[in-house]
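# Sequence plus predicted model, see below.
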Amino acid sequence: MDQIDLQEIKKKTTHNLLFLTLRNFGIQGVSFLGFFLLTLLLGRAEVGLFAIVAESIGILGYFSDIGLAGALIQKKGKVTTEELRTTFFIQQLLVLSSLTVLAILYPSVSHNLNFGDKEKWILISLCFSFIAASLKTIPSVLLERNLNFRLISTVDIIENISFYLVAVIFAYLGFGAYSYVYATFFRSILGLTIIYFFNPWSIGFSFSINAVKSLFKYGIPFQFNSFIAMAKDRLSYLLVARIIGAESFGILSWAQKGPRMPLSMMDAIMRVTFPTFSRLQDHKEILKKSLEKSIYFIALFVFPCLMGISLIAPDIINIIPKYTKWAPAIIPLYFYAASAAIAAVTTPLTNAFNAIGKISITTRFMIMWTILTWFFYPLLSYKYGYLGTSIAALIVGLSSIIVWITAKNILGINVFKTVIHPLIATLIIFILAYLFQLTTDKPFILLSGKIVIGMSVYAIYNYIFSKKEISWFFQQIKNLKNVKS
């Protein structure tokens, strides 16, 4: 890879990161408003019901790819039409197989779990969404390989807006949990139509042994990690839902929603840096600097957002009378926020290990997290209910320090040094906001004061200690308008 290629990759990566980050702020704004309205209009059990079924259908996604999409993105050389069509054929075969198994198992599962008409239609809509997502895989892979995330981001925004708009309208009209059904169908059809309209590819079926061997070499270990992740996250949460029930699971869903929102910026960075790090895997020093910058800016934005959500959530609940039903979710939210802060700096590291081909390292971490999850989640959920689940999430998250140590040894990344300034600034916000809270008990004044204190303190601290990095960031935003799609 020559110097021109490196400069072009760095330029595309920077612009794509900023573009997706800014777009994701917009997406999360819509998400926050939509989720807020839905949780205001719907009951805790209805929110929990959708979350349980969504987790169930999410499991199918792990059986619909076997890592081939990741292998296509990670591949160093040019991807051939034969490889694309082979991937598409295998994926659709797996999708069909997964849905067939689901159809066979559904009668007994629905009987054991007392599923009714609402659960059935939510399941059908999410299965349709699952099919639509599989059909979008190849166009998305082609866009990601070219580091062209603008169209992907645009589709994500339109899907997100359409989902919450339709769901809120139907919830307001009194359709209850069925609101999710209409919204899911509409979002899936709209997203699929748009991505094929703007980025069509020559759809076809093929099966090449050579292509399969080449892609499976990376894809199988990659997907094995995904299977472990599925067992760690989705299966464990289904077990938790079985232990604590739909209403308590709805409380957990609310508690998780806030902390997950800032992580959307991390998702944008992961989406861009995976193909970028794959291209830079032979240039270790550039890779190291790119990874450090990614982690720093993730911490810079995610840490204060998580702290802000934790600080103002009780005040929002106290201001809105009908929202007091979510008061039990406040303490779990604190544990999830702490866990999310740890994940924010850990995920880029595992993403980098995958991108440079060190899948076995990630696999060992995933096995460790899975064992811890399956030990602590059921144990604490059974003993302490939804609160125990959130405590277990933090315990598992704290084990990530092993990942940080490994990254220091292999990639030369010092996580503590990289995030020290965002961390200190965030802790100062907490201390000052806590002291301010002792001066009044009026929710609106508390909400306003915490926001002003948090934003002011963070801005001043970073102006003093991170002026160089902030200046670079705003310069890149300024340059965005000069970049062509």
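Yep, that arrived.

# Look at residue 176 and tell me its secondary structure.
coil (DSSP: H, G, I helix; E, B strand; the rest coil).

# What ranges does the stretch 301-450 of the chain have for its helices?
Applying DSSP state H, counting those that start in this stretch to the stretch 301-450 of the chain gives helices spanning 330-355, 359-384, 386-398, 401-410, 415-437, 443-465.

# Is it possible to get a markdown table of these that adds distance to residue 314, mean pLDDT and mean neighbour count?
All C-beta spots, glycine's among them, are computed from the backbone N, C-alpha and C. Output for these, formatted as a markdown table (distance: least, CB to CB, whole Å; pLDDT from 0 to 100; neighbours: other CB atoms under 10 Å):
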| stretch | distance to residue 314 | mean pLDDT | mean neighbour count |
| --- | --- | --- | --- |
| helix 330-355 | 5 | 89 | 23 |
| helix 359-384 | 20 | 89 | 18 |
| helix 386-398 | 16 | 94 | 22 |
| helix 401-410 | 30 | 90 | 16 |
| helix 415-437 | 9 | 92 | 17 |
| helix 443-465 | 8 | 89 | 16 |
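
# For residue 233, find the nearest of these.
Between residue 233 and the helices of the stretch 301-450 of the chain, the tightest spacing by CB to CB is seen for helix 359-384, at 7.7 Å.

# for the strand or helix carrying residue 98, packing partners?
For residue 98, the element it lies in under DSSP states H and E is helix 81-112. Identification of packing neighbours for helix 81-112 by 3 or more CB pairs under 8 Å, 6 or more residues apart in numbering; DSSP states H and E yields helix 44-61, helix 68-74, helix 117-135, helix 137-145, helix 209-230.

# Could you tell me the angle between the third one and helix 81-112?
The directions of helix 117-135 and helix 81-112 differ by 170 degrees, with axes from the mean of the first three to the mean of the last three CA atoms, to 10 degrees as the criterion.

# any idea how far helix 117-135 is from the chain center?
20 Å (CA atoms, centre = their mean, to the nearest Å).

# Low-confidence regions, the stretch 101-250 of the chain specifically.
113, 145-149, 208, 210-227, 229-231 (pLDDT under 70).

# Now do residue 205 against residue 90, distance only.
Applying CB to CB, to the nearest Å, the value for residue 205 to residue 90 is 10 Å.

# When these two are compared, which one has more neighbours?
Each of residue 205 and residue 90 has its neighbours counted (other CB atoms under 10 Å); residue 90 has more, 22 against 11.

# mind checking how far the more buried one is from residue 140?
16 Å.

# same question, residue 47
29 Å.

# Could you do residue 207 as well?
22 Å.

# more neighbours, those two?
Neighbour count, other CB under 10 Å: between residue 207 and residue 140, residue 140 has more, with 19 against 12.

# so that one touches residue 153, yeah?
No - proximity of residue 140 to residue 153 does not meet the contact threshold set by CB atoms under 8 Å, at 11.2 Å.

# hmm, back to that, now the helix holding residue 98 against helix 137-145, angle please.
120 degrees.

# from the chain's centre, how far out does helix 81-112 sit?
On CA atoms, centre = their mean, the centre of helix 81-112 falls 23 Å from the chain's centre.

# And that helix, what's buried?
Residues of helix 81-112 classed as buried by neighbour count (16 or more other CB atoms under 10 Å): 83-88, 90-92, 94-95, 98, 102.

# quick one, phi psi at residue 262?
phi -60, psi -30 (degrees, to the nearest 10).

# Surely residue 395 is in contact with residue 372?
Yes - at 7.1 Å, residue 395 counts as touching residue 372 under the criterion of CB under 8 Å.

# Which one of the helices of the stretch 301-450 of the chain lies nearest to residue 234?
Comparing the helices of the stretch 301-450 of the chain by CB to CB, helix 359-384 comes nearest, at 10.8 Å.

# Not counting its own residues, what contacts stretch 364-382?
The contact list for stretch 364-382, computed with CB atoms under 8 Å, 6 or more residues apart in numbering, reads 225, 228-229, 231-233, 236-237, 239-240, 243-244, 350, 388-389, 391-393, 395-396, 399, 402-403, 406.

# how much space between residue 257 and residue 87?
Counting by CB to CB - residue 257 and residue 87 are separated by 33 Å.

# actually residue 31, sorry about that
Residue 31 is 30 Å from residue 87, by CB to CB.

# same thing with residue 330?
Taking CB to CB, one finds residue 330 at 45 Å from residue 87.

# and what of residue 408?
As judged by CB to CB, residue 408 and residue 87 stand 36 Å apart.

# Check residue 171 too.
38 Å.

# Identify the residue spatially nearest to residue 191, adjacent ones excluded.
residue 159 (4.2 Å; CB to CB, 6 or more residues apart in numbering).

# actually residue 395, not the one I wrote
Per CB to CB, 6+ apart, closest to residue 395 is residue 376, 5.3 Å.

# Which residue is the nearest non-sequential neighbour of residue 128?
residue 188 (5.7 Å).

# right, and that neighbour touches residue 126 too?
No - using CB under 8 Å, residue 188 is not in contact with residue 126; the gap is 9.1 Å.
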